[in-house]
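S.K.: any chance you can model this:
(one chain, ligands or ions: 1)
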Amino acid sequence: MRRSAVLRRVIFTGTLFFCWVVFFGSQSFSQHEKLRVNANRIKQRIMELAEFGKTQQGGVSRVAFSEANIQGRNYIVSLMKEAGLKIQIDEAGNIIGQRKGKEPKLPPILFGSHIDSVPNGGKYDGALGVIGAIECVQVLDENGIVTRHPLEVVVFTDEEGGLVGSRAMIGELTPEALEVVSHSGKKVRDGISAVGGNPDEISLVMRHKGEIKAFIEIHIEQGSVLETKNIDIGIVEGIVGINWWDVLIEGFSNHAGTTPMDMRHDALLAAAHLIIAVNRVATGVPGRQVGTVGRIQCEPGAPNVIPGRVVMSLELRDLSAKKINTLYEKIQKEAKAIAEKTKTKISFTPIDATAVPAPTDPQISKFIAEAAQELGLTSILMPSGAGHDAQNIARIAPTGMIFVPSVGGISHSPKEYTRPEDMANGANVLLFTILKIDQ
Ligand SMILES: [Zn+2]
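M.R.: Below you'll find the predicted structure:
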């Protein structure tokens, strides 16, 4: 009797507590549902940042570690201070703006992107993720809202040169990577020193599983899916894996005038068939996989000589490593048939895989979808065909990515453009998502 009474009391108290959490939990988010980012401020700051490394074509050349990059970083630090963030430059040169939470022992929620660009790039790639992240903190600050979790706005070092800062954060920036010469002409090692990092202590940057509550990045789509479908927000399901091969086709060089058509071993003819086969395989199954032959060299390369040797590239991308493998097997099968038909030899050599597929966190994607819906925005799930710092952080923390439309699908170009309202939509979705994760 007594035991069941205790049990009943425990159940009753537990139920009360559950109702309290549900009621006040939803209550505290509903208090925030009127919050909105300042669209004009985002646009203005994007333009101000674009002054650093501005090109005549209307884009930016702000490659990592360049003078323009350093000036841009200083500008971003000034905005972070204005938003009340405490600044720290970590050993990899990542800029981290910290904001205390009500419960300092909780792991921080991270969000941000990068401000380095490709040579002659655009104003929005990376920049939106950083300016949008600072905007979210500033709105919280202006409304006197303190989250439970600490918040950290991150500006990753040298994203365009190989995700340098985020690789350091997951403990995978190798000593060799530090010796690579970056677009700026400086070695990565020297660049990191130039922006206030310490390349000899890179391992201190590393964070472990459980140390980050979540990471979220807003980014321009860099493709035309959202614009074509007239959708406001892309919820990234994952960042695709990329596999590369060198394809060697060996035939036999001979006189193009005296060798009859049926006695040839034409390597370039085999390559032509194989390029078409890659396209057929990549489009032959449902899904959003892509396959590309982007480089081809033919020897000896004379109009009157039958090509004897071709080296070409093969690239496959998909969210699933298994799918990439299946496509590759199909291409190999086609290659075997082509080699027989053209009397050539075709072989594939894998090149050090550039990236493994990085799925995002389904719970965070759900929060992003809810946030979009509450803001009256349309959204779809989609893969990211381009690489991002998020793909690294996804390996140590629950990660989400928010895409906004790129006009004309153009990116890595001075013509890159994203409308101010779309930038604000993305930042509002980020703000709501952070608050949802915080509960
Ligand atoms: Zn980017």
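
S.K.: dump the residue contacts of the residue lying closest to Gly93 once chain neighbours are set aside.
M.R.: With sequence-adjacent residues excluded and distances taken as C-beta to C-beta, 6 or more residues apart in numbering, Gly93 is closest to Gly197, at 3.4 Å. Where C-beta positions appear, they are placed from N, C-alpha and C, glycine not excepted. Under the criterion of C-beta atoms under 8 Å, 6 or more residues apart in numbering, the neighbours of Gly197 are Ile89, Asp90, Glu91, Ala92, Gly93, Asn94, Thr157.

S.K.: look at Asn243 and give its secondary structure.
M.R.: strand (DSSP: H, G, I helix; E, B strand; the rest coil).

S.K.: please tell me how far it sits from Ala339.
M.R.: 21 Å (C-beta to C-beta, to the nearest Å).

S.K.: also Ala369?
M.R.: 48 Å.

S.K.: ok, Asp232 next?
M.R.: 49 Å.

S.K.: for Pro357, same thing?
M.R.: Distance from Pro357 to Ala339, by C-beta to C-beta: 30 Å.

S.K.: nearest residue to the middle of the chain?
M.R.: His388 (2.0 Å; C-alpha atoms, centre = their mean).

S.K.: quick check: that one touching Glu217?
M.R.: Yes. Contact criterion C-beta atoms under 8 Å: His388 and Glu217 qualify, at 6.3 Å.

S.K.: now do the shared contacts for these two.
M.R.: Ser113, Met401.

S.K.: mind checking which helix or strand Met47 is in?
M.R.: helix 39-50 (DSSP states H and E).

S.K.: tell me what that helix is packed against?
M.R.: helix 67-82, helix 127-142, helix 420-438 (3 or more C-beta pairs under 8 Å, 6 or more residues apart in numbering; DSSP states H and E).

S.K.: what about the first one, average pLDDT?
M.R.: Which is helix 67-82. Confidence over helix 67-82 (mean pLDDT, whole number) is 97.

S.K.: state the distance from the residue nearest to Ile233 when sequence neighbours are not counted to Glu299.
M.R.: Excluding its sequence neighbours, the residue lying closest to Ile233 (C-beta to C-beta, 6+ apart) is Ser379, at 4.0 Å. Relative to Glu299, Ser379 is positioned 50 Å away (C-beta to C-beta).

S.K.: how about Gln332?
M.R.: From Gln332 to Glu299 the distance is 23 Å (C-beta to C-beta).

S.K.: report how many residues lie close to the residue nearest to Ala92 when sequence neighbours are not counted.
M.R.: Leaving out its chain neighbours, the residue that sits closest to Ala92 by C-beta to C-beta, 6+ apart is Ala168, at 3.6 Å. Ala168 is flanked by 30 other residues according to other C-beta atoms under 10 Å.

S.K.: got phi/psi on Ala168?
M.R.: Note on Ala168: its backbone torsions stand at phi -60, psi -40 [degrees, to the nearest 10].

S.K.: repeat that for Asp361.
M.R.: Per degrees, to the nearest 10, the backbone of Asp361 is at phi -90, psi 120.

S.K.: my read: it touches Thr399, true?
M.R.: Yes. If you go by C-beta under 8 Å, Asp361 and Thr399 touch, sitting 5.7 Å apart.

S.K.: out of those two, which sits in the busier spot?
M.R.: Thr399 (28 against 19).

S.K.: contact partners for the more buried one?
M.R.: Contacts of Thr399 by C-beta under 8 Å, 6+ apart are Ala214, Phe215, Ile216, Glu217, Ala358, Thr360, Asp361, Ile364, Ala390, Ile393.

S.K.: can you rerun that using 10 Å?
M.R.: Applying C-beta atoms under 10 Å, 6 or more residues apart in numbering to Thr399 gives the contacts 110, 212, 214-217, 236, 238-239, 358-361, 364-365, 388-393.

S.K.: again, but for Ser166
M.R.: 92, 94, 114, 154, 156-159, 172-173, 205, 215, 217, 388-396.

S.K.: among these, which ones are buried?
M.R.: Neighbour-count burial (16 or more other C-beta atoms under 10 Å) is assigned, among these, to 92, 94, 114, 154, 156-159, 173, 205, 215, 217, 388-394, 396.

S.K.: among those residues, which lie within strands?
M.R.: His114, Val154, Phe156, Phe215, Glu217 (DSSP state E).

S.K.: isn't Gly294 right next to Leu314, touching?
M.R.: Yes. Gly294 lies in contact with Leu314 (C-beta atoms under 10 Å); the separation is 8.9 Å.
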